[in-house]
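Colleague: Sequence and predicted structure are below.
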Amino acid sequence: MAANQQFRKYIDDQVNGCITLEKLGNGPSNIFKLLLNHKDKEMGESMEFKELSDKAVILIIAVSDTTGMALTRLFFYLARYHAYYKMLQQEIRSQFTNVKGIISRPKLLGCKYMCACVDKALYMSPGVPGFLTYKAPEGAFIN
């Protein structure tokens with residue numbers, strides 16, 4: 001029970017933070033922004049805090065599971081294909097001098113090979129059933 005209350009408090013804090021950022025005009029462009037700006041078609045009203053919080057619970061759980069599955073797939077392929085692991089290791093070590101620097105989102109996104117590895121792992125083992133098509137990014141070469 002206490003853990004559930006702690007989780008709900010975390011969710012509510014995150015929702016409040018998103019609302020505050022959106023009001024200041026600094027909100028990130030993500031799925032939660034769409035929820036914040038959504039208006040009911042019939043009533044024209046925005047979602048109340050409780051509804052936003054409930055939807056945030058679903059999103060956080062879904063993203064956590066998806067992220068875990070994506071990382072599991074990535075690590076499986078990197079463990080299996082050592083040459084790719086070494087190339088990724090080299091890119092990361094050249095980009096970051098210490099562990100504390102890894103939290104920089106722009107620098108992480110600058111790791112093109114790492115992003116390609118994650119994309120490829122998701123392509124090879126998608127987290128959803130069925131057949132997914134793949135569109136290569138502009139300038140990419142697929143052999």
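Modeller: Looks like it came in fine.

Colleague: ok, which stretches of this structure are helices?
Modeller: 2-24, 31-37, 49-80, 82-95, 105-109, 112-124 (DSSP state H).

Colleague: neighbouring contacts of the fourth one?
Modeller: By C-beta atoms under 8 Å, 6 or more residues apart in numbering, the list of residues contacting helix 82-95 from outside reads 77, 78, 79, 102, 107, 110, 111, 112, 113, 114, 117. Where C-beta positions appear, they are placed from N, C-alpha and C, glycine not excepted.

Colleague: One more pass at 6 Å, please.
Modeller: With C-beta atoms under 6 Å, 6 or more residues apart in numbering as the test, helix 82-95 has contacts from 78, 107, 111, 113, 114, 117.

Colleague: Now do the third one against residue 13, distance only.
Modeller: In other words, residue 111. Distance of residue 111 to residue 13, given as C-beta to C-beta, to the nearest Å: 30 Å.

Colleague: More neighbours: these two, which one.
Modeller: With neighbours defined as other C-beta atoms under 10 Å, residue 111 and residue 13 compare such that residue 111 has more, 18 against 10.

Colleague: Fine, thanks again, bye for now.
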